[in-house]
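Q: Got a predicted structure here, sequence first:
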Amino acid sequence: MEEKQKDIIDRNLGDEWSEWSGNLEEYEKTIEEGKALFLIIYFAALFVLTVFSMFLYYLIAPRLYEIHPYLDQAVLWLVIIIFGSIFIWSLFLLLSIALNRNFLFLRKKSGLHIELLYPVIYKIAGMFKISKDRIGNSLIKVNNAVIYATKKKFRSENLLVLLPRCLSKEIRIKVMEITEKYKCPVFTATGGSSARKMVVKNRPDAIIGVACERDLVAGMADSPHKIPVIAIANTRPEGPCKNTFIDTDELEKAVKFLLKI
């Protein structure tokens with residue numbers, strides 16, 4: 001387990017904002033996207049990848065047929081089966097979110113892990129001038145909806161709350177009151193490495209992560225796929241990494257759901 005963790009490139013919380021100019025007038029202080037934004041671009045990405053794969057098949061099909069006709073058919077059916085399975089899984093994803101029931105039977109313990117599609121999703125979003133933060137905010141809503149649809153029961157000692165350093169003093173006090181009330185381990189992460197070490201140490205059944213959209217998306221990708229992560233994005237009225245806020249009612253709702261209280 002430790003060797004696997006070393007293979008992951010470390011990141012410090014806040015590094016995702018290294019290119020920010022500091023201009024608050026051009027900065028998205030509060031982002032409230034619905035689930036539809038991510039889902040639309042997600043299906044657009046699937047369509048693009050499907051068309052691209054079929055185009056590649058079209059280019060190599062004559063050579064495959066020369067090698068053997070069955071090879072040509074085998075590659076064609078492989079492409080159809082792979083993308084057909086992905087689209088069927090995506091339909092179950094939509095049903096799970098819409099009906100708040102777990103139709104993703106093979107993912108009862110995990111959240112949304114589709115990191116391989118992120119580059120295509122971000123590329124398509126960029127073409128329409130949609131920021132990574134807006135996409136990330138919508139992605140978080142979709143991920144959380146998948147977690148809430150599982151209705152899995154967790155024990156309080158197996159729930160870990162991960163916080164960023166940038167929370168305002170007022171919000172941090174309220175967060176600590178909630179975690180003490182429900183006896184949840186809480187840890188302030190300084191980076192990906194420290195967060196992973198705490199996960200290995202506590203071996204939680206579930207995680208509640210608090211951070212900006214960029215760090216949350218990266219953290220969900222880092223987390224073991226068997227551990228569901230409910231993500232809560234902060235608001236940043238003074239810019240990133242400084243006196244940020246969250247809806248503490250949303251945090252308490254997540255805690256109570258995971259503990260089935």
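A: Received the coordinates, thanks. Numbering: from 1, shown residues only.

Q: Could you list the low-confidence segments of the stretch 1-150 of the chain?
A: Across the stretch 1-150 of the chain, the ranges flagged by pLDDT under 70 are 1-29, 105-111.

Q: For my notes, confirm H225 occurs in a strand.
A: No: applying DSSP: H, G, I helix; E, B strand; the rest coil, one finds H225 to be coil, outside a strand.

Q: Am I right that it is in contact with H113?
A: Yes: H225 is within contact range of H113, at 5.3 Å (criterion: Cβ atoms under 8 Å). In this view, the C-beta of every residue, glycine as well, is placed from N, C-alpha and C.

Q: Now do L78 against R196, distance only.
A: The span separating L78 from R196 equals 35 Å under the rule Cβ to Cβ, to the nearest Å.

Q: can you give me the strands in the stretch 151-261 of the chain?
A: With DSSP state E, counting those that start in this stretch as the definition, the stretch 151-261 of the chain shows strands at residue ranges 159-163, 186-188, 206-211, 229-233.

Q: how far off strand 159-163 does the last one point, in degrees?
A: The reference is to strand 229-233. Angle between the axes of strand 229-233 and strand 159-163 is 30 degrees (criterion: axes from the mean of the first three to the mean of the last three Cα atoms, to 10 degrees).

Q: residues of strand 229-233 that come out buried?
A: By neighbour count with 16 or more other Cβ atoms under 10 Å, strand 229-233 contains the buried residues 229-233.

Q: picking that back up, redo the strands of the stretch 151-261 of the chain as CSV? Include mean pLDDT.
A: Putting the strands of the stretch 151-261 of the chain into CSV (pLDDT from 0 to 100) gives the following:
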stretch, mean pLDDT
strand 159-163, 93
strand 186-188, 91
strand 206-211, 92
strand 229-233, 93
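
Q: out of the ones you listed, which comes closest to I88?
A: For the strands of the stretch 151-261 of the chain, distance to I88 was read as Cβ to Cβ. The smallest value, 24.7 Å, belongs to strand 229-233.

Q: List the contacts of that closest one.
A: 31, 111, 136-137, 140, 143-144, 147-148, 206-213, 216, 219-220, 223, 246-247, 250-251, 254, 257-258 (Cβ atoms under 8 Å, 6 or more residues apart in numbering).
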